[in-house]
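Asker: structure, please.
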Amino acid sequence: TATLAGTYVYGMTFAFGWTACVGPILGAVLTALVTTGLTVLTGAALAFIYALGLATPLTLMAIFFHRVQRGTRIGTLLRGRGFNAQVAGRTLYLHSTSLITGALLIVVGSMLASGQLAWFSQAMASGVGARMALAIETWLSRIFSLGY
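Answerer: Below is the predicted model of the structure:
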């Protein structure tokens, strides 16, 4: 069971690990706000939208994860399965979720090292998601009269 102190330490660890991801983006947003001469209200609205986009997936996960029942197929898949493995005379406890995410990190790292990640990003940026993101950005820039 989770304790209050354990939850606090876990949150601090999560925040520390995420700083490298959030810091540069937030820094770019704040720099853009300062250098473009936007009003304080516009800057606050854009910072709120940024925070909303950051918090929404995490909030939805927290709200709905407990609703996934253990007996359902998706619940079993999301929870994964743990098992013991003998490696070099040692017994290691492994979890399917850790193995899958580790494999994904290796694939993305290999794509980054070989230059294929740039190709993949360009392919994804020219799809339906990119057009939808551009439409939302254009709509927001008209609302806040950013002059894009």
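Asker: shaky segments in the protein?
Answerer: Along the chain, the model assigns pLDDT under 70 to residues 1-2, 66-71, 74, 78, 144-148.
Asker: longest helix in it, by residue count?
Answerer: Ranked by residue count, the top helix of the chain under DSSP state H comes out as helix 4-35.
Asker: on contacts alone, who are the packing partners of the helix or strand that that helix is followed by?
Answerer: Going down the chain from helix 4-35, the next helix or strand is helix 40-64, by DSSP states H and E. Under the contact definition 3 or more CB pairs under 8 Å, 6 or more residues apart in numbering; DSSP states H and E, helix 40-64 sits against helix 4-35. Every C-beta, even on glycine, is put in place using the N, C-alpha and C of the backbone.
Asker: now the angle from the helix it packs on to helix 40-64?
Answerer: 150 degrees (axes from the mean of the first three to the mean of the last three CA atoms, to 10 degrees).
Asker: give the buried residues for helix 4-35.
Answerer: Using 16 or more other CB atoms under 10 Å as the test for burial, helix 4-35 gives L33.
Asker: now for that helix, which elements pack on it?
Answerer: Using 3+ CB pairs under 8 Å, 6+ apart, helix 4-35 is in contact with helix 40-64.
Asker: where's the helix it packs on relative to the chain centroid, distance-wise?
Answerer: Chain-centre distance of helix 40-64: 13 Å, with CA atoms, centre = their mean, to the nearest Å.
Asker: and the longest helix of the chain, how far from the chain's centre?
Answerer: Put simply, helix 4-35 sits 12 Å off its chain's centre (CA atoms, centre = their mean).
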